[in-house]
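1. Need a 3D model of the sequence below.
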Amino acid sequence: MTDIPTRFEDAIEGFKTFLAGQSLKGELLWLFLDDVALQRGKYLVHFPIPEQNELETKLLYEAGVRDGHGVGLHCFAQHEGMLFCYIRHALVNDTYGMEMMPGTLRFSCGDMRWSVQPFRGRFLWWTIRTLGRQWLTEFPTLASCRNQRGIYGS
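-> Numbers count the residues shown, from 1 in each chain. Purely as a prediction, here's the structure:
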């Protein structure tokens, strides 16, 4: 853990350095619960990943910094030059806040044993996501992030 940089871009540079030290290199893709499902031992990631996810992650990071929460950036899987990541902090992960010291930044990565299968169809995504999300409690939902940050009003 380290003191938290105020700029998201500085945090991302530190995160990339951390990941490179774990032999992980590639494009960072930021996901929310809406984008991921777990089925038969593999992550299904709905493609295309919404363009606003990086902005939402940045806004969530900035809210965590502003409010003095500890923030975590986590990489959980890789696939064909892509690193799948999400952000955690006490605003959207109550139990995570208990693990973090206020005002700190924590980098982590999974053991990368889970495979990723890109899922491009829209027809079955809602059903697959609904059935496969019960095990993915660490991922924030996009709606909860927006509500708890208070950025979009009521």
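2. other SSEs contacting the helix or strand harbouring L59?
-> Using DSSP states H and E, L59 maps to helix 52-66. Judged by 3 or more CB pairs under 8 Å, 6 or more residues apart in numbering; DSSP states H and E, helix 52-66 is in contact with helix 8-21, strand 27-30, strand 71-79, strand 82-89, helix 142-149. Heads up, the C-betas are built off the backbone N, CA and C, glycines and all.
3. which residues does the residue nearest the centre of the chain bridge with?
-> The centroid of the chain falls nearest to Y86 when counting by CA atoms, centre = their mean (0.8 Å). Legend: beta-bridge partners of Y86 under DSSP bridges are H74.
4. my guess is it meets F76, correct?
-> Yes: using CB atoms under 8 Å, Y86 is in contact with F76, at 7.0 Å.
5. Poorly predicted segments of the chain, please.
-> Low-confidence segments of the chain, defined by pLDDT under 70: 1-3, 90-102, 129-154.
6. Which residues are in contact with the closest residue to K16 other than its chain neighbours?
-> Excluding its sequence neighbours, the residue lying closest to K16 (CB to CB, 6 or more residues apart in numbering) is L28, at 7.3 Å. Taking CB atoms under 8 Å, 6 or more residues apart in numbering, we find L28 in contact with 12, 15-16, 75, 83, 85.
7. Now tabulate those residues in JSON lines and tack on distance to Q39.
-> Formatted as JSON lines, these follow (distance: CB to CB, whole Å):
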{"residue": "I12", "distance to Q39": "30"}
{"residue": "F15", "distance to Q39": "28"}
{"residue": "K16", "distance to Q39": "29"}
{"residue": "C75", "distance to Q39": "20"}
{"residue": "L83", "distance to Q39": "21"}
{"residue": "C85", "distance to Q39": "20"}
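8. Could you give the number of residues near the residue lying closest to R88 once chain neighbours are set aside?
-> Nearest residue to R88 in three dimensions, chain neighbours excluded: G72, at 4.2 Å (CB to CB, 6+ apart). A total of 21 residues lie near G72 under the criterion other CB atoms under 10 Å.
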